[in-house]
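K.L.:
Need a 3D model of the sequence below.
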Amino acid sequence: MFRFTIRDVLWLTVVVGIAMGWWLDRDRIRQQTEAPRAAMQRWQTLPLRRAEAALRVTEAEWASLVEINQRNPGAVSESELRRLESQLDVARLDAERASARNEFGPLTPSRP
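P.N.:
Numbers count the residues shown, from 1 in each chain. Predicted structure coming up:
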């Protein structure tokens, strides 16, 4: 029958301590490399969120003006409706552009 001596227990403690130190160091290194990557992903999605928020605001403004014009014909001029509709188109294009940049990355011009 095998009996543990104090020397065996001390060696086991040393081996477990070294393994735990190595594991904690590797975990710290992994966290340090993943933190900037996660921050960069959040940073890259900000233009998309801003463009989507601007689109929602413009859609709400346009819908409210259309409703006002339906309830009170002539309350909102046609030029104002066309101006807001063009702003809505611009907001949609901005949201699509931000979505494309978020998905494919920024566009870089090609050099000959």
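K.L.:
remind me which residues of this protein are low pLDDT?
P.N.:
Along the chain, segments meeting pLDDT under 70 span 1, 106-112.
K.L.:
how about the helices of it, start to end?
P.N.:
6-71, 78-104 (DSSP state H).
K.L.:
Just send these back as JSON lines, with mean neighbour count too.
P.N.:
The C-beta positions use only the backbone N, C-alpha and C, and glycine is treated the same way. Shown next, in JSON lines, are those (neighbours: other CB atoms under 10 Å):
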{"stretch": "helix 6-71", "mean neighbour count": "12"}
{"stretch": "helix 78-104", "mean neighbour count": "14"}
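K.L.:
wait, what's in contact with residue 51?
P.N.:
Counting by CB atoms under 8 Å, 6 or more residues apart in numbering, residue 51 makes contact with 91, 94-95, 97-99.
K.L.:
try it again with 6 Å
P.N.:
94-95, 98 (CB atoms under 6 Å, 6 or more residues apart in numbering).
K.L.:
Pick the one among the residues you listed closest to residue 47.
P.N.:
Within those, distances to residue 47 taken as CB to CB reach their minimum at residue 98, with 4.7 Å.
K.L.:
was I right about that closest one contacting residue 49?
P.N.:
No: in this structure, residue 98 is not within contact of residue 49 by CB atoms under 6 Å, at 8.4 Å.
K.L.:
what would the contacts of residue 51 look like in a markdown table with distance to residue 59?
P.N.:
Below are the contacts of residue 51 laid out as a markdown table (distance: CB to CB, whole Å):
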| residue | distance to residue 59 |
| --- | --- |
| 94 | 13 |
| 95 | 10 |
| 98 | 16 |
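K.L.:
Distance-wise, check residue 60 relative to residue 51.
P.N.:
Going from residue 60 to residue 51 by CB to CB, to the nearest Å gives 15 Å.
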